[in-house]
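Quick one: sequence and predicted model below, then my questions.
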Protein chains: 2
Amino acid sequence: MGNIPAGINTPEILVDVEKLERNVARVAQRVASQGLKLRPHAKTHNMVEIAERQLAAGAAGLTVATVGEALSFALHGVPKIFIAYPLWINESGAERILELMKRAKLSLGTDSVAAVQQMAKMLGEKARKVKLMIEIDSGHHRSGVSPAQAVEIADAARDAGLRVHGVFTFPGHSYAPNSIDEAVNQEHKALAEAACLLREAGHQVKRISGGSSPTAELSDNSVLTEVRPGVYVFGDAQQFELGRTRWEDIALSVATTVVSRHEGSTQIPRRIVVDAGSKVLGADRPGWASGYGRVLECPQAVITALSEHHTTISWPEDLVLPSHGQQLRIIPNHVCIAVNLVDSVLAVYPDDTVERWDVNARGLNY
Amino acid sequence: MGNIPAGINTPEILVDVEKLERNVARVAQRVASQGLKLRPHAKTHNMVEIAERQLAAGAAGLTVATVGEALSFALHGVPKIFIAYPLWINESGAERILELMKRAKLSLGTDSVAAVQQMAKMLGEKARKVKLMIEIDSGHHRSGVSPAQAVEIADAARDAGLRVHGVFTFPGHSYAPNSIDEAVNQEHKALAEAACLLREAGHQVKRISGGSSPTAELSDNSVLTEVRPGVYVFGDAQQFELGRTRWEDIALSVATTVVSRHEGSTQIPRRIVVDAGSKVLGADRPGWASGYGRVLECPQAVITALSEHHTTISWPEDLVLPSHGQQLRIIPNHVCIAVNLVDSVLAVYPDDTVERWDVNARGLNY
């Protein structure tokens, strides 16, 4: 990664534009070569600057998690949006979705007969224009239904005059060590079974939509028609430690300053404290992670503790302890959460020029 | 807690104004009766609406963690601010601190000779007006120094023409089960020793400032002159599970909607999924916590998983599983993190009227 821009305040999120664009292009090419469409999950970045790069590289549309995110991107001209979430639509939600449908072609997730009937009731006539995507549980056991239940939902949708367009799943259980191959198999098996049962019951299945940055790489068009990776634009410490992102491809870091340093004693380990905390890095820490993120300048250092504005870093005995005021960059464990904590990031170009990019859809939880 | 306001979008953070004001008044009275000043940590709420209530109840000033938070409150008329953080001041930070000093009386934390010398260099003449507070490590092993090192820092401050005002510590190791009594003892011992050594070395120690919502209750003026609790205004699931907050005093919750429900099977537990996730609740989960927060309407339910927009709740076998579209309130594990994720909250009065309160200093990480 390039230099830390001179004179900045910290903590500040930096995006390496060259690496970002390389990631966008590489995954676009790979997914195309797999015979799949790419509908990237924009919740990772929530930035128009990055969405535009993804669409220019050939993305079929954007995936988001909330109506608010969808509205934000639609207002910035994104023409096709998939809200990959089992929405429960109330009156005020319906107004916002109808507003959204004036601006973008919309696909919506669902995983119940009740939500389908509610959608028909709340959206009225316009509900027919929605592409309905039924969520399948492929082993993550969060939302989603079994392939057999998908048929019940599709039947209810037909009865309510809605248009079933396809099925999707999120193999979130792939975010753990050694789980990836099984998660991919389960993902493909569940989606193939759902598509087969739906077709047997007389439903169209035009779109079969699979996960996530870890699993997308291992998919092809034997089952899926598209993939929805998100994290790949930046990478993060989690994906690096899972072996799914190369260190040199990581495009986002948090610039920090050393505010406290301690040479250590027999009781207390040698450490520095930097001015990033969970309010900019996020507090995600899966049990298998080495710590609360990684230090870009020192991969051997271990981030042992995180509070709101302090990151405690255990520093290797054989390396010089950084001095007060020295700046370091931290790679967050889970980049989606870090980006969601700031209103803007500093985009750094290879010639060291910088731009401020807004996180346009930040915090739009509904 | 009262009702969920009708027709709202979810997830939405609700503040019960009656309980909030009761918490503000109760702790103000208790701290006064302990012979201590109250300098509440505003990072918990970052809201002018709440700061004004704390000052009206007699708070001696506000504590914050960053220059940005301090500026935000100073611009809203808060007259005395303590940045309880070992700041490293660069040029642009110095400009902002000088701006801040036009508006508020300022105390600043430090824990090194290097940072004291940097402060003198960067603030110039004006550095003499800062009340310097030396941070002591009382066992949390984050920032802060030993009582003996505090004397070196105070000597360096005197040499640089700065004004040592006192000492402070954060006993963060009190945020764990059965650790509170020892943390309080360590806090008082470390601060008493530092104050004693500083006075012996000819330094003034006018302010001796102690922790945190858990420890403030167990302190008196035998050592301390003030306390800096933060979480007490709201309470949270963490403090409830530690036995430091009563269920009926919890003043903040996240309104959510059931979007997915599963009666369960022999393999998969009975569960619901609601539309709050780590992007509104925060992902903090200490090892001893029962889950990722608590359900206000059902204290027996267990929040087993959290992703960005999904909360998975294991529902007791003997209770009716909530229906699709039903609204429930989640108490976050760590309330400071939840509030920092939203730009505003919905303040609910006992007569069911609501106001929107801005989180004025949200995300001001520097």
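The structure has been received and is ready for your questions.

for the longest strand along chain A, packing partners?
Of all the elements of type strand in chain A, the one with the most residues (DSSP state E) is strand A:252-262. Contacts of strand A:252-262 with other secondary structure elements, assessed using 3 or more C-beta pairs under 8 Å, 6 or more residues apart in numbering or on different chains; DSSP states H and E, are made with strand A:12-16, strand A:271-274, strand A:327-331, helix A:335-339, strand B:80-86. The way it works is simple: take the backbone N, C-alpha and C, and place the C-beta from them, glycine included.

Out of those, which gets nearest to residue A:321?
Go through the helices and strands packed on strand A:252-262 one by one with C-beta to C-beta and the one that ends up closest to residue A:321 is strand A:271-274, at 6.4 Å.

looking only at pLDDT, what's the mean for the helix or strand following the closest one?
On the C-terminal side of strand A:271-274, the nearest following helix or strand under DSSP states H and E is helix A:278-281. Model confidence over helix A:278-281, given as mean pLDDT, is 97.

Next secondary structure element downstream of helix A:278-281?
Helix A:278-281 is succeeded, C-terminally, by strand A:294-295 (DSSP H and E).

What strands line up against that next one, and which way round?
Paired with strand A:294-295 in the same sheet, following DSSP bridges, are strand A:327-331 (antiparallel).

could you dump the helices and strands packed on strand A:252-262 to a markdown table with mean neighbour count and distance to residue A:22?
Rendered in a markdown table, the data for the helices and strands packed on strand A:252-262 read as follows (neighbours: other C-beta atoms under 10 Å in any protein chain shown; distance: least, C-beta to C-beta, whole Å):
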| stretch | mean neighbour count | distance to residue A:22 |
| --- | --- | --- |
| strand A:12-16 | 24 | 9 |
| strand A:271-274 | 25 | 28 |
| strand A:327-331 | 25 | 17 |
| helix A:335-339 | 26 | 16 |
| strand B:80-86 | 24 | 37 |
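
Any chance of those in TSV with mean pLDDT and distance to residue B:109 as columns?
Output for the helices and strands packed on strand A:252-262, formatted as TSV (pLDDT from 0 to 100; distance: least, C-beta to C-beta, whole Å):
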stretch	mean pLDDT	distance to residue B:109
strand A:12-16	98	21
strand A:271-274	98	12
strand A:327-331	98	20
helix A:335-339	97	25
strand B:80-86	98	5
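
quick one, which of these is nearest to residue B:276?
Short answer: helix A:335-339, nearest of the helices and strands packed on strand A:252-262 by C-beta to C-beta, at 14.3 Å.

low-scoring stretches of the stretch 1-150 of chain A, by residue?
Within the stretch 1-150 of chain A, the ranges that satisfy pLDDT under 70 run A:1.

the strands in it, which residues?
A:12-16, A:37-38, A:62-64, A:80-86, A:105-110, A:131-135 (DSSP state E, counting those that start in this stretch).

of all those strands, which lies closest to chain B?
Taking C-beta to the nearest C-beta as the criterion, strand A:80-86 is the member of the strands of the stretch 1-150 of chain A that comes nearest to chain B, at 4.9 Å.

now for that closest one, which elements pack on it?
strand A:62-64, helix A:67-75, strand A:105-110, strand A:131-135, strand B:252-262.

right, so those: which one is the most enclosed?
Greatest average neighbour count among the helices and strands packed on strand A:80-86 goes to strand A:62-64 (a mean of 27), per mean count of other C-beta atoms under 10 Å in any protein chain shown.

on contacts alone, who are the packing partners of that strand?
Strand A:62-64 packs on helix A:48-56, helix A:67-75, strand A:80-86, going by 3+ C-beta pairs under 8 Å, 6+ apart.

That'll do, ta.
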